[in-house]
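Q: How does the following fold in three dimensions:
(chains A and B)
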Amino acid sequence: MRALRLVHLYPREMNIYGDTGNVVVLRKRLQWRALPVEVCPVSIGDPLPNDADILLGGGGQDAAQGEIGADFAARGAQLRAMADDGVVMLTICGSYQMLGHEFVTQEGRRIAGVGVLDVVTHGQHERLIGNNYVDTPDAGRLVGYENHSGLTTLGPGVRALGTTQPGRGNNGKDGTEGAVRGNVIGTYLHGPVLAKSPRFADDLLRRAYSRRGVDVELAPLDDALPELAARVAAGRPR
Amino acid sequence: MTRIATVAATVLGKLTLLALRAIGRRGNALPGLVVEKLFPRYLARVMAALPEGVVVVTGTNGKTTTTKMVATVLGERLRVLTNDTGSNFVRGAITATVEHASWTGALPFDVAVFELDEAWAVRFVAAVAPRHCLLLNVMRDQLDRFGEIDTTAELLGKVAAATTGNVVLNRDDPRVAALAARTSAQVSYYGVAAGLREIFPNDEELYGGPVHVSQLPAAVELQALPGPDHPPATIRIAGTDHDVVLRAEGPHNAQNACGAAALGLALGLDAATVLTGLAKVSPAFGRGQAFTVDGRRVVLQLVKNPAGFRQVLRTVETERPDAVVVAINDDYADGRDVSWLWDVDFAPLAAVRARRTTSGTRAADMAVRLHYDDIEVDEIQPDLEKAVRAAVEHVPPTGRVTVFSTYTAMWALHAVLQRIGEAHR
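A: This is a model prediction of the structure:
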C-alpha cells in the first residue's frame, strides 16, 4: 500500500504553539498500526506535493504570518484544487485564518487569504486566551487551548466544527468554534488538539483513506492516557 | 524624595519583612510591594547613590543562575547587592534593597545586580536607568502572558535603550543581537563557537535546517563544553583559551557563564578575576540544585519552555539517573498552556535506563507526550510529594533521581526535599 503522505506546512515559521504535535500524533497512530506514512515538510519556496493526503498547518507569530503570506497566497490555486479534490486539511489558528477569504487588521489593512474556507477574520487588540474544549457532532469532545486575537466569522459555505461553552471560540460571540467544509477543517485549538482528541485524529485518517478509496481497518489503540489527559484538562481553570 | 522619606521607606520595608518572617513566610515580594506603593521614588533615589550603578540581567532563560554568576564575578572586586531569590519583579529588587540596607537607609554597596522578568525590566528601567545590562535570549515562553516572541524582544529593546554604560548581548540569538541598534551604550557580545551552535537552537531552529552562525566578534566565546573526559568548560577571552570548572551543570550554564564573563570584562575586571569568580558559582535555587534523601542524590531542574527543557534534558547524559520525575503544573506562574511540551525532543529520556514518573496537575498530559515518543511511563502520580518519595524508594540506596519541574511544582518540591532530605551546599 502506498504510504499516507502528511504535508506539514511551514514547520519553521508556524510552530510556536506546539501544533507540530498534530504531525507527531498522526504519524505515530499510523506507525503503531504498521501503516506506512511519509511526512513532507513544506517551507517558503518548497514545492507542495500534489499527492498529499493530509495537510497540516499551525499557528505562528503575526510577523511570521506576514513573511509567509505571499508564499501562501501564491499557492492559492493549488490549495483550492486540493480542497475541491477532498484532501484532508487540519489548519490551526494562523493557518486557519489564511485559508479564509481575508484577514482585516485592526488598522483596516486587508490581507487576502486563499479562499478555501468561507470565513473572514478581523484583528482586534484583545487576545482570546485560555483552556478550551469544543463539542463536535462527528468527533466528540476536542480538548485544547486557544490563544488568538483574530475574530473569525463564518459564511454560508462552511459549518462550525463545534460549539464551545468554556472558551471564546471563533469570535467570542456566537459560541461557534472552527470551520468545516468537506475534508477541510480550521480551528483555534492548540494543545496540540490531536494529542487529547484521539477520536478526531482517527477520523482524519479515515477520511484520507476513504478519499483514496483504500479500505483500511484502523486497529483500535489503547487511548486510556489521552482520554485521561482530556478529562483532566477539561476540568482545569481557564 | 527626601532623606527622611528614604529612611521611612527602609524602615517600613524592613518591618514588613520582619513581620512576614515572624509568621514563617519567605517575604520576597510583599515588603517591596508595600514600599513601591507608598514610596514610588525610593528605588531610584537609593540606586542613584551606588558608585557603579545598576546591572540588569534579563532574557527568557537562565536569568537566575546568570545573575548569580554576575554577582559572584563582580563580587571579586566590588560590594554587590543582588536579588538572589528568583523574585524578579520590581518588588523583588526593592525587597532585596531594603533587606540589605541599614536601618538608617544607608546602602553599603558599590553596585546592584538585579535579575528582572522581561516585562518588569521595562517598568524598572522607566524608574531607574541601568548603567549596564546583560541580555540573554528571547525564547518562546509564557505566550499566554506575552502573546508572541517578538513582543518579548521589544521589551528587551527598551531595556537596551535605557542603559547608559555597557550593553552585553548574546550574539547567537538574532533577536538579541539586533538590539545593538537600539542603544547608544557601549555594546559587546558573547557567544559560542560555530561548532557548538547547533546545541543552542533558537525557536526557529528547533525543527532542523541550517543554524544561524553570527559573524559578530565575541568578547567571550565558549570553545568547548564540559565532557566526561574533560570536566572544565573552555572559554576564549581575547584570543586565549581558559579552562574553568563550572558547578552549575549543563551546556546552557556554560553559555551563560560567557555572558557573565563578558559583563565582568566590560566593567573593567581582568580575565583571571572573572574566571576565579565563575568557578565559585553554585547552582541557583532549583536550577540543578542537589539534595540527599535517604542516601540517594536528588537533583531538581526547573523547566519553563521548549528551549530550556531541551537544555536541561541533556544533563541526564552525565547524571545518569536511575529514576526521572517530570512534574508539570499549569498554574498561572507556570503558564496555563502546556502545548509547548510538544516542542521538546525527549530523546535523551528514551536513552537513559530509568524509572519514569509524570507528576503535577498535568501529569496525564506529560504522560501522553512521552507515550507519543514511545517512551514508557511507569507511574502517573499527580501528587508531587508522593511521586518523589516513590522515585526515591525505587532506586538503589546510592541511586540518583532527577526531577524536572515547572515553576510552581519546583517551589513545592523544594520544600518537600528540604523536609525529607538535605540540600547540598
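Q: Please count neighbours and contacts with C-alpha atoms only from this point.
A: OK.
Q: Which stretches in the stretch 51-200 of chain B count as helices?
A: Along the stretch 51-200 of chain B, counting by DSSP state H, counting those that start in this stretch, helices occupy B:63-74, B:90-100, B:118-127, B:143-146, B:149-162, B:174-177.
Q: can I have the fifth one written out in CSV, keeping just the CAs?
A: C-alpha atoms of helix B:149-162 as CSV (Å, rounded to 0.1, in the frame of the first residue of the first chain):
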residue,chain,number,x,y,z
ILE,B,149,8.2,36.0,21.0
ASP,B,150,8.6,39.3,19.1
THR,B,151,6.7,41.1,21.9
THR,B,152,9.4,39.9,24.3
ALA,B,153,12.2,41.1,22.0
GLU,B,154,10.6,44.5,22.0
LEU,B,155,10.6,44.5,25.8
LEU,B,156,14.4,43.8,25.9
GLY,B,157,14.9,46.5,23.3
LYS,B,158,13.5,49.1,25.8
VAL,B,159,16.0,47.9,28.4
ALA,B,160,18.9,48.2,26.0
ALA,B,161,17.7,51.7,25.0
ALA,B,162,17.6,52.9,28.7
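Q: ok, which residues in the stretch 251-400 of chain B are in contact with chain A?
A: Contact residues, the stretch 251-400 of chain B versus chain A (Cα under 8 Å from any Cα of the partner chain): B:336-343, B:362, B:364-365, B:367-369, B:372.
Q: if we can go back for a sec, weakest of the helices of the stretch 51-200 of chain B by average pLDDT?
A: Of all the helices of the stretch 51-200 of chain B, mean pLDDT reaches its minimum on helix B:143-146 (a mean of 62).
Q: tell me the contacts of the residue of the stretch 201-350 of chain B found nearest chain A?
A: The stretch 201-350 of chain B approaches chain A most closely through B:S339 (4.5 Å), counting by Cα to the nearest Cα. Contacts for B:S339 (Cα atoms under 8 Å, 6 or more residues apart in numbering or on different chains) come out as A:Y17, A:G18, A:D19, A:Y145, A:H190, A:G191, A:P192.
Q: which stretches of the stretch 201-350 of chain B form helices?
A: B:251-266, B:271-279, B:306-313, B:316-319, B:347-351.
Q: helices and strands around the longest one, which ones?
A: Pointing back at helix B:251-266 there. If contacts are counted by 3 or more Cα pairs under 8 Å, 6 or more residues apart in numbering or on different chains; DSSP states H and E, helix B:251-266 sits against helix B:63-74, strand B:132-135, strand B:166-170, strand B:186-192, strand B:220-224, helix B:271-279, helix B:306-313.
Q: now these in a markdown table, with mean neighbour count and distance to A:R238?
A: A markdown table is the format used below for those (neighbours: other Cα atoms under 10 Å in any protein chain shown; distance: least, Cα to Cα, whole Å):
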| stretch | mean neighbour count | distance to A:R238 |
| --- | --- | --- |
| helix B:63-74 | 28 | 28 |
| strand B:132-135 | 28 | 32 |
| strand B:166-170 | 27 | 36 |
| strand B:186-192 | 24 | 40 |
| strand B:220-224 | 24 | 43 |
| helix B:271-279 | 19 | 43 |
| helix B:306-313 | 21 | 22 |
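Q: Excluding sequence neighbours, find me the nearest residue to B:T318.
A: Nearest residue to B:T318 in three dimensions, chain neighbours excluded: B:P228, at 7.2 Å (Cα to Cα, 6 or more residues apart in numbering or on different chains).
Q: Most neighbours among the residues of the stretch 251-400 of chain B next to chain A, which one?
A: The most crowded member of these is B:D365, carrying 29 neighbours; neighbours defined as other Cα atoms under 10 Å in any protein chain shown.
Q: So for that one, what's the nearest residue that isn't a sequence neighbour?
A: A:A229 (5.1 Å).
Q: Check the offset of the helix or strand containing that neighbour from the chain's centre.
A: For A:A229, the enclosing helix or strand under DSSP states H and E is helix A:224-234. Here helix A:224-234 is found 20 Å from its chain centre; the criterion is Cα atoms, centre = their mean, to the nearest Å.
Q: other SSEs contacting that helix?
A: Counting by 3+ Cα pairs under 8 Å, 6+ apart, helix A:224-234 packs on strand A:119-136, strand A:140-154, helix B:363-371.
Q: picking up where we left off before, and the residue nearest to B:D365, what does it touch?
A: With contact set as Cα under 8 Å, 6+ apart, A:A229 has these partners: A:K196, B:R362, B:A364, B:D365, B:V368.
Q: Could you measure from it over to B:L246?
A: Relative to B:L246, A:A229 is positioned 39 Å away (Cα to Cα, to the nearest Å).
Q: and B:A177, what is it in contact with?
A: Listed by Cα under 8 Å, 6+ apart, the contact set of B:A177 reads B:L169, B:N170, B:R171.
Q: and if we set it to 10 Å?
A: Residues in contact with B:A177 (Cα atoms under 10 Å, 6 or more residues apart in numbering or on different chains) are B:135-137, B:168-171, B:187-190, B:214, B:216.
Q: Tell me the spacing between it and B:V220.
A: Taken as Cα to Cα, the span from B:A177 to B:V220 is 15 Å.
Q: cool, and B:A96?
A: From B:A96 to B:V220 the distance is 30 Å (Cα to Cα).
Q: B:T60 too?
A: In terms of Cα to Cα, B:T60 sits 21 Å off from B:V220.
Q: Lowest-scoring secondary structure element of chain B by mean pLDDT?
A: Here the helix or strand of chain B ranked lowest by mean pLDDT, DSSP states H and E is helix B:143-146, holding a mean of 62.
Q: Could you do chain A as well?
A: Here the helix or strand of chain A ranked lowest by mean pLDDT, DSSP H and E is helix A:62-74, holding a mean of 78.
Q: Could you check how far the very next helix or strand once past it is from the centre of its chain?
A: Per DSSP H and E, the first helix or strand lying C-terminal to helix A:62-74 is helix A:76-84. Relative to its chain's centre, helix A:76-84 lies at 16 Å (Cα atoms, centre = their mean).
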